[in-house]
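sequence first, predicted coordinates after that:
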Amino acid sequence: MSEERCPTRENRYLTFALTKGRLASQTLALLSRTGISCEEIEDKNSRKLVFVNEELKCRFFLAKGPDVPTYVEYGAADIGVVGKDTILEENRNVYEVLDLGFGKCRMCVCGPKSAGEKLLHHERIRVASKYPNIARDYFYNKKHQTVDIIKLNGSVELGPLVELSDVIVDIVETGSTLKENGLEVLEEICPLSARMIVNPVSMRMETERIKSLIQSMRELNK
């Protein structure tokens with residue numbers, strides 16, 4: 001995006017909260033194709049936490065995925081980039097405006113093949129997950145199945161292996177870890193990918209600037 005396509009207000013920065021790691025790298029690469037870049041953030045030796053492009057009046061900072069929607073909801077960032085799984089789990093008051101098309105994977109119910117019968121007959125089961133809200137919404141509101149949700153933070157694949165749970169709800173990319181541990185995808189909850197989110201107030205205050213950016217990124221994703 002050229003400077004003409006990215007109008008600025010005096011002393012008004014457009015602030016981006018990016019998910020640390022691969023999503024941030026892919027987002028910055030995509031942004032650079034629209035003309036938005038930041039040399040400071042490319043410096044791997046920098047100890048800064050907030051990076052600025054003064055010419056374009058843009059600021060950037062990196063955050064853990066679950067924190068990105070929080071920064072955006074409270075206006076600390078105008079725009080955030082985060083996985084759809086985090087948006088669903090955190091359920092913050094933000095606008096989801098664009099599927100960026102990378103970071104694709106699936107949220108699934110997984111377990112041993114034998115657990116498929118329990119799902120089919122809507123038996124009461126135990127479900128281990130890093131995503132208790134997603135799991136609860138899926139089983140209670142979509143399947144109408146009563147389950148016990150167990151929140152885990154580490155390798156949820158352990159749940160069925162040590163009989164903590166009957167199944168797990170987790171992100172699946174290749175499925176190789178599941179296969180190696182005798183587990184499989186039993187049901188798919190939803191597809192996932194990186195999404196752009198916007199603070200509702202920022203959308204009103206910076207409508208032209210943000211919509212121009214969204215359109216530029218949408219065209220690049222065609």
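Thanks, I have it.

low-confidence stretches in the protein?
1-11 (pLDDT under 70).

please repeat the previous calculation with a cut-off of 80.
By pLDDT under 80, the low-scoring segments of the chain are 1-11, 43-45, 221-222.

now do the contacts for the closest residue to Asn153 other than its chain neighbours.
Distances taken as CB to CB, 6 or more residues apart in numbering place Lys130 nearest to Asn153, at 6.3 Å, with adjacent residues excluded. Bear in mind the C-beta positions are built from the backbone N, C-alpha and C, glycine included. Lys130 makes contact with 151-153, 156, 170 under the criterion CB atoms under 8 Å, 6 or more residues apart in numbering.

distance of the residue most central in space within the chain from Gly21?
Residue closest to the mean C-alpha point of the chain, counted by CA atoms, centre = their mean, is Gly83 at 1.4 Å. To Gly21, Gly83 is 11 Å away according to CB to CB, to the nearest Å.

likewise for Val97?
Taking CB to CB as the measure, Val97 falls 22 Å from Gly21.

and what of Lys64?
For Lys64, the distance to Gly21 equals 9 Å [CB to CB].

show me where this protein has its helices.
Here the chain has its helices, by DSSP state H, at 22-33, 39-42, 68-73, 84-90, 115-120, 132-136, 158-161, 176-180, 200-205, 207-220.

enumerate every residue touching Leu158.
Residues near Leu158 by CB under 8 Å, 6+ apart: 152, 164.

ok, now with 10 Å
Contact analysis of Leu158 by CB atoms under 10 Å, 6 or more residues apart in numbering lists 128, 152, 164-165, 168, 181.
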